[in-house]
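Q: what's the 3D shape of this:
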Amino acid sequence: MLSGKTLRYKNSTIGYLRIDGGKQLAFCFPGFGEPSESFSIFKGYLKNYTLIALDLPFQGTTDWQEGLDIAPEQFWEILQLIKTQENFFDKDPIALIGYSLGGRLALTMLENYSNKISFTHLIASDGLKINFWYRMVSQTHLGNKIFKFTIHHPGWFINSVSLMKRMRLINKTSEKLVSNYLHNAVVRKQVYDVWTAFRYFKPNLKKIKLIINKQEKPVKIVMGRFDKVIPPRLGQKFQYGIEEYSTLSIIESGHQILQPKHAPGISKVLEL
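A: Take a look at the predicted model:
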């Protein structure tokens, strides 16, 4: 059963989707521009988990009015409020499923609240590598000013990306991604809002690996073989040193893994 719901949080309304299945609760975090419905592909395959998929701030049905400073503890508070609203016990641990941007959020939650998390599932996850450009535009004052200027005047950057493609400094997928984001004024604003709002979600991979080994926290990683946005080698690198508690599965897909045709395979791998 699928049911769209909302949570009132301060001045905001958080939209989320509940997908009934097993007894264990798993929170699902989508990628940039993706709605909570992305996870509805798993309906009918759930044996162990009931999923609660969030519409992240500035995406989907969520109406976010708390500004561009989202702290990890604020995000965790929202999860706990939803957990209570959905009648799950406070003492029960939760699982996390993160796709792309959502994977970075899941890693940050694992880093900060590992004692409350049972399993972490990463699907084509962001956060497995420190992205220089993202760090510059979201973590530095000058970078953020340039980023904001580009959002309002994207022409110079689009031309620069085209030049870099011709010089083979970036691949065609990256050029297409930038083009899709920057040619649309609404999407440009969404990029700025989301990237800026989640700038405090900076998973420390070294610390996370120590937590995984010390607390024996299972992590399952799914990557797309043809993914040029987050290539599978990043999953392989992250798995190094935590092999005892992690699995890595590479499926025949690009970055858009959350598709109905992949649902049976991913569900089986993640034991959903």
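Q: And residue 51, how far from residue 120?
A: Distance from residue 51 to residue 120, counting by CB to CB, to the nearest Å: 14 Å. To be clear about C-beta, it is placed using only N, CA and C from the backbone, and glycine gets the same treatment.
Q: Which residue ranges of the chain form helices?
A: 72-85, 101-113, 132-139, 141-152, 155-166, 172-182, 185-197, 205-215, 232-239, 263-270 (DSSP state H).
Q: So for the fourth one, mean pLDDT?
A: Going back to what we said before, that points to helix 141-152. Averaging pLDDT along helix 141-152 yields 62.
Q: tell me the pLDDT at the residue nearest to residue 215 when sequence neighbours are not counted?
A: Spatial nearest neighbour of residue 215, excluding adjacent residues (CB to CB, 6 or more residues apart in numbering): residue 114 at 5.7 Å. At residue 114, the model reports a pLDDT of 97.
Q: thinking residue 114 is in contact with residue 218, fair?
A: No - counting by CB atoms under 8 Å, residue 114 sits too far from residue 218 to count as a contact (11.6 Å).
Q: who's in contact with the closest residue to residue 39 other than its chain neighbours?
A: Among residues not flanking residue 39 along the chain, residue 53 sits closest, at 4.1 Å (CB to CB, 6+ apart). Counting by CB atoms under 8 Å, 6 or more residues apart in numbering, residue 53 touches 16, 17, 19, 27, 28, 29, 30, 36, 37, 38, 39, 40.
Q: Can you tell me which of the residues you listed is nearest residue 105?
A: residue 29 (4.7 Å; CB to CB).
Q: What's the local residue count around that closest one?
A: A count of nearby residues for residue 29, using other CB atoms under 10 Å, gives 26.
Q: give me the low-pLDDT residue ranges for the chain?
A: Filtered on pLDDT under 70, the chain yields the residue ranges 1, 131-184.
Q: re the thing from before, nearest to residue 242 among the contacts of residue 53?
A: Looking at the contacts of residue 53 and their distance to residue 242, the nearest is residue 29, at 20.7 Å (CB to CB).
Q: Which residue, other than its chain neighbours, is closest to that closest one?
A: residue 102 (2.9 Å).
Q: same check, this time on residue 204
A: Using CB to CB, 6+ apart, the nearest residue to residue 204 is residue 111, at 6.1 Å.
Q: Kindly confirm whether my reading is correct that the one you found touches residue 203.
A: Yes - using CB under 8 Å, residue 111 is in contact with residue 203, at 5.6 Å.
Q: So what's the gap between stretch 78-98 and the chain middle?
A: Put simply, stretch 78-98 sits 18 Å off its chain's centre (CA atoms, centre = their mean, to the nearest Å).
Q: what comes into contact with it?
A: For stretch 78-98, using CB under 8 Å, 6+ apart, the contacting residues are 5, 7, 9, 14, 16, 18, 24-29, 39, 49, 51-52, 54, 104-107, 109-110, 116-123, 125, 270.
Q: Centroid-nearest residue for this structure?
A: In the chain, the residue lying closest to the centroid (CA atoms, centre = their mean) is residue 102, at 1.0 Å.
Q: follow-up on the earlier one: now the common contact residues for residue 114 and residue 218.
A: By CB under 8 Å, 6+ apart, no residue touches both residue 114 and residue 218.
Q: mind listing which of the contacts of residue 53 are in strands?
A: Among the contacts of residue 53, the members found in strands (DSSP state E) are 16, 17, 19, 27, 28, 29.
Q: Show me which positions of stretch 89-101 end up buried.
A: Using 16 or more other CB atoms under 10 Å as the test for burial, stretch 89-101 gives 94, 95, 96, 97, 98, 99, 100, 101.
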